[in-house]
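In: Give me a 3D structure for the following:
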Amino acid sequence: QVQLVESGGGLVQAGGSLRLSCAASGRTVSSYTMAWFRQAPGKEREFVALITWNGRRTNYADSVKGRFTISRDNAKNAVYLQMNSLEPEDTAVYYCAADTTAWPTSTSPDAYDYWGQGTQVTVSS
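Out: So this is what the prediction gives:
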């Protein structure tokens, strides 16, 4: 089993930045595709970004492309999401997820096997 714990959320003004972290334990996630999803109140969970096991490929939702950057440190069993130029529309609970299938990658929540409990990000206008 893999446990994922997110941290780094909070309240920030529009235009500000936050860096989310996801710490994995129980098993190494170095061979897994890792992703971030988010869910706003009354909305479905949506894909934000993913990174392949070796960090060579990333994929972003159009809404965050150019503003968010996903990265990973396999030595630390951790994944990160740097969020810049935040907008009120980015307000949501952000979840870290792990897909034990290395390839192909997927932007569907159904493909992911392990999830964190989420961290709240609130962007004020």
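
In: what does the helix or strand harbouring residue 6 contact?
Out: Using DSSP states H and E, residue 6 sits in strand 3-7. Here strand 3-7 makes contact (Cβ atoms under 8 Å, 6 or more residues apart in numbering) with 20-26, 94-98, 114-119. Any C-beta I mention is one placed from the backbone N, CA and C, and that applies to glycine too.

In: That strand: what's the following helix or strand?
Out: Along the chain past strand 3-7, the next helix or strand (assigned with DSSP H and E) turns out to be strand 10-13.

In: Return the residues in contact with the most centrally placed residue in the chain.
Out: With distances taken as Cα atoms, centre = their mean, residue 36 lies nearest the centre of the chain, 2.1 Å away. Residues in contact with residue 36, defined by Cβ under 8 Å, 6+ apart, are 20, 22, 48, 49, 50, 70, 79, 81, 94, 95, 96, 97.

In: Any idea what the fourth one is bridged to?
Out: Read it as residue 49. Partner residues in beta bridges with residue 49, using DSSP bridges, are residue 36, residue 60.

In: Assess the claim that it and residue 57 are in contact.
Out: No - at 11.3 Å, residue 49 does not count as touching residue 57 under the criterion of Cβ atoms under 8 Å.

In: Those two: which has the busier surroundings?
Out: Using other Cβ atoms under 10 Å, the more surrounded residue of residue 49 and residue 57 is residue 49, with 24 against 12.
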